Every structure is written in structure tokens, then in C-alpha cells.
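**Q** All I have is the shape, not the residue letters:
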Ligand SMILES: Nc1ncnc2c1ncn2[C@@H]1O[C@H](COP(=O)(O)OP(=O)(O)OP(=O)(O)O)[C@@H](O)[C@H]1O
Ligand SMILES: [Mg+2]
């Protein structure tokens, strides 16, 4: 498999810190993947996200050991700007990312920087705003006066407007309720499907992403301790680490019924689980 993002024996420590925040991380994210990274507070998820979108080492000072390659280029601080034009990043604090005082200018900014002509910029801005479920009436507003959910959506629109090949989201659902979260997750999935983008999401909430994920990764103490497709991930998740993962309700139910109905863990996919539960419930009621 060719890797859109590849990390080999990666170690990272921030300047003036004696501790490694990332410890010997190895990961290959394939084209068109939808990878979710989860883990406890302070595990290094945001730091890993910064590496995966080329912000580390370019925009942060520290010590890096090992190899990082994104979209076929080895990332060094000099090359990270070039990488960035093909990579989107949505930080967990959208307000920190805003650079202008009008939503339209904000979404158009990177496109202008990349030299896209004004007609296409208008089309892209309108596409991106619709894609995240906002109406064009928001374009004239200041991003700072929006609700936190709207800010998050605008930040996502900014990241997708350039139609990047790789997009990294750091806790994109933190300001959204269930309905808002489902809408955002669906638009992220559309982006993967229609624009062949590769998606990496750092999130505690796994349930709403479950139907779309190709793999789940668990960070713990700076290490990538477990990576696997959803059935594999939950089957191999050590009991001792379960408290650090929000195991979706559907998976808990599946785990409860599998030993009683001689089902195998490998059958656990969102669709097969759904179908099975519906059958089971029909039999009961
Ligand atoms: N810019 C920075 N400068 C110095 N240290 C940092 C910086 N950013 C993060 N750290 C440190 O790196 C470690 C990992 O932090 P990181 O934010 O990557 O964890 P996280 O898994 O994203 O946590 P959370 O779930 O709380 O967002 C922490 O000890 C943190 O204090
Ligand atoms: Mg974080």
C-alpha cells in the first residue's frame, strides 16, 4: 500500500522539554483511508496530528528523530509549506485559526494565496460552505461572532476549500451536539468519497464515526499502542486500556451477546451488527 502519510520510528520532543511526547511511532496512512486516533488527555494526539499535517517540525521548535513523509515528500521544516497546500488541518480551537474578520474572506484566503482565479474562488467558497451545512448568508458575518458550532463548521470549510488530498481534524466535534456532529461527520465522509481525500480525525467520540472508519488507533503515553480496523481494534483492546477509549454502545452490546450466540468477533462491522440486532430484536418482540 502506498502511504499518503508515513511515519517511521518517529520521536518528538518540544523545545525546552526533557520528555519525548511521541515515542517511536510507526504509521502508514493509505490513500482514501478514514483513520480515527483516540486516547487519554496528554497522550500526544494533537502533537501527532501536527506531525501528520506537516506543522511539526515546520511551525514548532523541538527535536525530531525518525522519518516523516507526507504525499510522497519527506518533511523537513523547509518543505512543510509546500506540503501544507495539499493538506488541510482543522485545529480543536477554530478561533485560533481565524485570520480575517469576514467568513467569506476566511474561506477564500488560502485559495487567493494559491493563486486560484476569482470566479473559481467564489464557486469553491460556496461549495465549501454548503458542504458543512451552513447557508451563504453567513459569508458576510465575522467568524468571531458565530456560535461555537458555526465556528467549527467555518474552520472545516476553510480546510476543505482547497480540496486537499489529506485532511487532519483535531477534535472536530467538541462543540457540537449529536445532530450537529452527525452532519459534520457525514460531510467529512462525502469529502473522502467524492474528492478521494484521505481523512485523519483525532476524537474521543468514536460512535458517530463508526460506520465510515477504516481504522482506529490508540495513543497512550506518546506511543501508538494499538491500530486496527474497528472489529480488530475492539477485539484486541486490552481490558486495562478500556477506560481510555469510549467504546461505542453498539460494540458493548455486541460483546455482550457474541459469547451467548456463538458469533465471532470478526463479524463485527457496523452493518452486520445492525442487521443482527434488528433480527434479534424482531425475534424477542
Ligand atoms: N506547543 C507545545 N509546547 C510544549 N509542550 C507541548 C505543546 N503542545 C503540547 N505539549 C505537551 O505535549 C504533551 C502531549 O500533548 P498533546 O496536546 O499532544 O496531547 P493530547 O493527547 O492531544 O491531549 P488532549 O486530549 O488533552 O487534547 C503534553 O504533555 C503537553 O503539555
Ligand atoms: Mg489534543
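**A** Noted; the coordinates are in hand. The structure presented is a predicted model; accordingly, all values stated were derived computationally and were not measured. Numbering: from 1, shown residues only. Ligands and ions are numbered 1, 2, ... in the order given.

**Q** okay, CA-based contacts and neighbour counts for the rest of this
**A** Fine.

**Q** For the nearest residue to residue 72 once chain neighbours are set aside, report the pLDDT, please.
**A** Spatial nearest neighbour of residue 72, chain neighbours left out: residue 4 (6.9 Å); criterion: CA to CA, 6 or more residues apart in numbering. pLDDT recorded at residue 4 is 93.

**Q** What of residue 257?
**A** 71.

**Q** again, but for residue 263
**A** 56.

**Q** now the one 10 residues further on
**A** Confidence at residue 273, expressed as pLDDT, is 71.

**Q** On the three-state scheme, it is what?
**A** helix (DSSP: H, G, I helix; E, B strand; the rest coil).

**Q** so it sits right up against residue 254, yeah?
**A** Yes: judged on CA atoms under 8 Å, residue 273 makes contact with residue 254 at a distance of 7.1 Å.

**Q** what about these two, which has more around it?
**A** Neighbour totals were compared for residue 273 and residue 254, and residue 254 leads with 19 against 16 (other CA atoms under 10 Å).

**Q** Which of the three states applies to that one?
**A** helix.

**Q** mind starting the numbering at 20 from now?
**A** All set: I'll call the first residue 20, so the last point we hit is now residue 273.

**Q** Going by residue numbers, what spans are strands in the stretch 170-304 of the chain?
**A** 185-189, 217-221, 234-239, 242-247 (DSSP state E, counting those that start in this stretch).

**Q** Show the average pLDDT along stretch 228-243.
**A** 94.

**Q** Name the residues of it that come out as buried.
**A** 228-229, 231-243 (16 or more other CA atoms under 10 Å).

**Q** Would you check which pair of those lies furthest apart?
**A** Across the buried residues of stretch 228-243, the longest distance by CA to CA is 26.8 Å; it joins 231 and 240.

**Q** and the most centrally placed residue in the chain, what pLDDT?
**A** The residue lying closest to the centre of the chain (CA atoms, centre = their mean) is residue 220, at 1.4 Å. Confidence at residue 220, expressed as pLDDT, is 97.

**Q** Could you tell me how many residues sit around residue 259?
**A** 7.

**Q** which element is the residue nearest to residue 91 on?
**A** strand 22-33 (DSSP states H and E).

**Q** For that strand, which strands pair with it and how are they oriented?
**A** strand 41-49 (antiparallel), strand 81-89 (antiparallel) (DSSP bridges).

**Q** export the ones you listed to a markdown table and tack on mean pLDDT?
**A** Formatted as a markdown table, the strands paired with strand 22-33 follow (pLDDT from 0 to 100):
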| stretch | mean pLDDT |
| --- | --- |
| strand 41-49 | 97 |
| strand 81-89 | 92 |
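
**Q** Save those as TSV, and put in distance to ligand 1 and mean neighbour count too.
**A** Below are the strands paired with strand 22-33 laid out as TSV (distance: least, CA to the nearest ligand atom, whole Å; neighbours: other CA atoms under 10 Å):
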stretch	distance to ligand 1	mean neighbour count
strand 41-49	8	19
strand 81-89	9	18
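
**Q** closest to residue 211 out of the ones you listed?
**A** strand 41-49 (12.3 Å).

**Q** tell me the angle the closest one makes with strand 185-189.
**A** Relative orientation of strand 41-49 versus strand 185-189 (axes from the mean of the first three to the mean of the last three CA atoms, to 10 degrees): 130 degrees.

**Q** now the helix or strand that strand 41-49 is followed by: how far from the chain's centre is it?
**A** As assigned by DSSP H and E, the chain's next helix or strand after strand 41-49 is strand 53-57. Here strand 53-57 shows a centroid-to-chain-centroid distance of 6 Å under the convention CA atoms, centre = their mean, to the nearest Å.
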